[in-house]
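Peer 1: Could you work out the structure for the sequence below:
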Amino acid sequence: MKKTIGYILAGSVTTLYPFMIYVIFGFPIAIGTITVLLIALGTDMMPAIALAYEKAESDIMKLHPRNPRTDVLVTRSLLLRSYFQVGVIMSSAGFLGYFVAFMHHGWKPWDLWQLRVKWDDSTINDIYDSYGTPWTYDERLKVQTVAQSSYFICIVVCQWMDVLVSKTRRVSIFKQKFG
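Peer 2: As a prediction, this is how the structure comes out:
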């Protein structure tokens, strides 16, 4: 059960951090509402269910039984690992894809800093990229969609890797007995 909880918590952070970056640093939003739903309902649900029904790890019988009164399911260690280790790594990979997509279209990350208000204003049709090319509102929406798609694809690939890592919390995947 801890595997499933850790996986879900790490995945949920990848939908939270883009909104924090949007508000705090003023970058164009890295994830749309539909994409949040796709991550929450599409890419999180099936692997989490699979982890819940996974066979126990091979060394489980070597551990002492859990005391239900003192041993809680969601520990501080699990929260820190999910939110500040795995979640940050996955979100960083997503933002790498996001910024690479923008750079491919002429927008360097430092030129997107605090551009959110102008970027989202549909009446402004002359925002200049890093190379002096003017961008209309519709052109900005298209490049933002590409960047959001890049963020999403990077997150999905990271979630695939997180499932593999979450399968074996104590024993290496190479030492697991399958079958």
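
Peer 1: gap between the closest residue to Asp126 other than its chain neighbours and Ile39?
Peer 2: With CB to CB, 6 or more residues apart in numbering as the criterion, Asp126 has its nearest non-adjacent residue at 4.8 Å, and that residue is Pro134. (C-beta placed from N, C-alpha, C; glycine too.) With distances taken as CB to CB, to the nearest Å, Pro134 is found 33 Å from Ile39.

Peer 1: Tell me which of those two has more neighbours.
Peer 2: Ile39 (21 against 10; other CB atoms under 10 Å).

Peer 1: For the nearest residue to that one once chain neighbours are set aside, give me its contacts.
Peer 2: For Ile39, the nearest residue in space outside its immediate sequence neighbours is Thr15; the separation is 5.6 Å by CB to CB, 6+ apart. By CB atoms under 8 Å, 6 or more residues apart in numbering, the residues touching Thr15 are Ile31, Val36, Ile39, Ala40.

Peer 1: Wait, the residue nearest to Asp126 touches Ile127, no?
Peer 2: Yes - with contact defined as CB atoms under 8 Å, Pro134 counts as touching Ile127 (7.0 Å).

Peer 1: where along this protein do the helices fall?
Peer 2: In the chain, the helices defined using DSSP state H lie at 2-25, 33-37, 45-52, 76-80, 87-104, 109-112, 116-120, 137-167.

Peer 1: So which of the ones you listed is nearest Asn67?
Peer 2: Using CB to CB as the measure, helix 2-25 is the one of the helices of the chain that comes nearest Asn67, at 15.1 Å.

Peer 1: Now do the buried residues in that closest one.
Peer 2: Applying a neighbour-count criterion of 16 or more other CB atoms under 10 Å, the buried positions in helix 2-25 are 3-15, 17-18, 21-22.

Peer 1: worst average pLDDT in the helices of the chain?
Peer 2: Out of those, the stretch the model trusts least by mean pLDDT is helix 45-52, with a mean of 72.

Peer 1: helices or strands up against it?
Peer 2: Counting contacts by 3 or more CB pairs under 8 Å, 6 or more residues apart in numbering; DSSP states H and E, the secondary-structure elements packed against helix 45-52 are helix 2-25, helix 137-167.

Peer 1: The longest one packs against which elements?
Peer 2: If you count contacts as 3+ CB pairs under 8 Å, 6+ apart, helix 137-167 packs onto helix 2-25, helix 33-37, helix 45-52, helix 87-104.

Peer 1: tell me what the shortest one is packed against?
Peer 2: Right, helix 33-37. In this structure, helix 33-37 makes packing contacts with helix 137-167, judged by 3+ CB pairs under 8 Å, 6+ apart.

Peer 1: Can you check what angle separates the helix it packs on from helix 87-104?
Peer 2: Angle of helix 137-167 versus helix 87-104, following axes from the mean of the first three to the mean of the last three CA atoms, to 10 degrees, is 150 degrees.
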